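Visitor: Predicted coordinates and the sequence they were generated for:
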Amino acid sequence: MRLTVAQLSESELLARIFPRLHAGTSTILGPGDDAAIIAAPDGRTVISIDTQVQDQDFRLRWPNGYATTGFDVGWKAAAQNLSDINAMGAEATAMVVSLTLPGTTPVSWVEDLADGLSAAIVALGAGACSVAGGDLSAGSELVVTVAVTGSLEGRDPVLRSGARPGDQIAVCGNLGVSAAGWALQESTIVPDRYTPAAAHAAELFNRPWPPLVAGPAGARAGATAMMDISDGLLRDAGRLAAASGTGLDLDAGVLRELATALEDTAAALGADSLEWVLTGGEDHGILSTFPAATTLPAGFIRIGSVVSAEANQPAVTISGQNLRSVITGAVGWDHFAV
C-alpha cells in the first residue's frame, strides 16, 4: 500500500523533501526559517514565476497511456523558470517552490518531484541555483508553482524591446520538438512503438532542455533583444515585434529545413511538421536579435531579419508572406483560448 501525503504531517513531508533539494552557491540561508536569504552581489535581482496545473499544463495519465511522473513535473517546473531567467541574459541564483497536493498524492510522487527539480538544475547547467524553500498546501488538484531569481553579473539585461530594423533574427534550442511530443502523448501510439525520433520528442516534451548558456552568451555577443520561446515561435515573435515596434520576417527555407527532422513523426500522426516548428510551445529555446554584422554565438541559427513596422501589415511574416498563407490553425499556445 502506497504512503500518501494525507498520512503524514506537513513537517514529516518536508523532512522527506528538503534532503532532496539542490543547494547551490548563491544561498546564504536556505530552507528552515520563514524566508531564505540569497546573495545579490550585482545589486539587482532578476525574478520570474510560473505555474503548472494538473489537467491544464500536464496530465497524470495521457491518452496513449503514458503516466506523468513527479520527476517529469519537477524537471519541467525547473526548466521553464530557468529559461525565463536565461532569456534576460542572467544566471539563476535561487528557486522557491509552492506545492498544492491532494491528500491522495503518493509521497513517492512528491519525492520524485523534488528529485526532478534538483536533477534539472544540475543537468541544465544552473548549479549555482539553490532550491531555497517554498510552501505546502492541500487542494483538489496538483499545482506546482516555482519562482526563480537570477543575477545579471554586471551585464545589462536583454529585453524584448531592443530589436531594430536590419538586425538578424536567431534562435538557439529546439523548435517544434515539444509539440511533436505532446501530439504523440495525445495520440493512440503507445510509447513502446515510438521510433527513436518520436521517443526523443516525447522525452523533450516531458523534460525540456532549454539552452541555458544561450542567454549570457547572447548578451555578451551584443544581442539587441531576447525572449524565451514558451508559447510557440510565431506567438512569441509577435510579442517581440510589438515590444520593439518593428516587424519580423522569418526565412521560410530555414524553418522548413528545421521541420524535416520531425517529418516522419508528423506523417505518423497526420500532422504538419512545419506547423509544429512555427506554433509549438514549451521547447524553451531563445529567440533573439543581433546587429547584422554580429557573428552569432555557438548554437544560434539565423532564421530571418528585423524589418520596419508597416501600417496595416502583420508584425510577423514568413519570407514576406502573411502567416495565413503558411499555417491554418492557431499561432501558438494560449491558456485562455477555447
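Guide: Done, it's in. Numbering: from 1, shown residues only.
Visitor: what mean pLDDT does stretch 119-134 have?
Guide: Predicted confidence along stretch 119-134 averages 95 (mean pLDDT).
Visitor: Show me what counts as buried in it.
Guide: Of the residues in stretch 119-134, those buried by neighbour count under the rule 16 or more other C-beta atoms under 10 Å are 119-121, 124-126, 128-134. For every residue, glycine as well, the C-beta is placed using N, CA and C.
Visitor: Contacts for that stretch next, please.
Guide: Defining contact as C-beta atoms under 8 Å, 6 or more residues apart in numbering, one finds that stretch 119-134 is touched by 21-27, 30-32, 35-36, 38, 71, 74-76, 78-79, 82, 91-99, 114, 117-118, 148, 207, 209-210, 212-213.
Visitor: Then stretch 38-48?
Guide: Residues from elsewhere that reach stretch 38-48, judged by C-beta under 8 Å, 6+ apart: 26-28, 81, 84-85, 88, 90, 93-94, 130, 132, 147-154, 157.
Visitor: on that earlier part again, give me the subset of the contacts of stretch 119-134 lying in helices.
Guide: The helices, defined by DSSP state H, take in 71, 74-76, 78-79, 82, 114, 117-118 from the contacts of stretch 119-134.
Visitor: re earlier: list buried members of the contacts of stretch 38-48 by neighbour count.
Guide: Listed as buried from the contacts of stretch 38-48 are 26-27, 81, 84-85, 88, 90, 93-94, 130, 132, 147-152; burial here means 16+ other C-beta under 10 Å.
Visitor: Just those residues: which are in strands?
Guide: Among these, DSSP state E puts 27, 93-94, 130, 132, 147-151 in strands.
Visitor: Have a look at the residues you listed and tell me the least confident one.
Guide: Scanning these for pLDDT, the smallest score is found at residue 27, 89.
Visitor: ok, so what distance separates the nearest residue to that one once chain neighbours are set aside from residue 37?
Guide: Of all residues beyond its chain neighbours, the one nearest residue 27 is residue 130 (3.8 Å), with distances taken as C-beta to C-beta, 6 or more residues apart in numbering. With the distance defined as C-beta to C-beta, to the nearest Å, residue 130 ends up 11 Å from residue 37.
Visitor: Overlap of the contact sets of these two?
Guide: Any residue near both residue 130 and residue 37 by C-beta under 8 Å, 6+ apart counts here, and that gives residue 27.
Visitor: circling back to that earlier point, for the ones in helices among the contacts of stretch 119-134, which one is nearest residue 252?
Guide: Relative to residue 252, the closest of the ones in helices among the contacts of stretch 119-134 is residue 79; by C-beta to C-beta it sits at 29.3 Å.
Visitor: what number of residues lie near the nearest residue to that closest one once chain neighbours are set aside?
Guide: Closest residue to residue 79 in three dimensions, ignoring its sequence neighbours and counting by C-beta to C-beta, 6+ apart: residue 208, at 4.5 Å. Look at residue 208: counted by other C-beta atoms under 10 Å, it has 26 neighbours.
Visitor: so what's residue 253 up against?
Guide: If a contact means C-beta under 8 Å, 6+ apart, then residue 253 has residue 319 as its contacts.
Visitor: buried residues in the host helix or strand of it?
Guide: Counting by DSSP states H and E, the element that carries residue 253 is helix 252-259. Judged by neighbour count using 16+ other C-beta under 10 Å, the buried positions of helix 252-259 are 252, 254-255, 258-259.
Visitor: just stretch 226-234 next, same as before
Guide: Of the residues in stretch 226-234, those with enough neighbours to count as buried (16+ other C-beta under 10 Å) are 226-234.
Visitor: Among those, which ones are in strands?
Guide: Taking DSSP E, the ones among the buried residues of stretch 226-234 that sit in strands are 226-229.
Visitor: mind listing the strands for the stretch 101-250 of the chain?
Guide: Residue ranges of the strands in the stretch 101-250 of the chain, as given by DSSP state E, counting those that start in this stretch, are 130-138, 143-151, 168-172, 225-229, 246-250.
Visitor: Which one of these lies nearest to residue 63?
Guide: Ranking those by distance to residue 63, with C-beta to C-beta as the measure, places strand 143-151 first at 21.9 Å.
Visitor: Measure how far the direction of that closest one deviates from that of strand 130-138, in degrees.
Guide: 160 degrees (axes from the mean of the first three to the mean of the last three C-alpha atoms, to 10 degrees).
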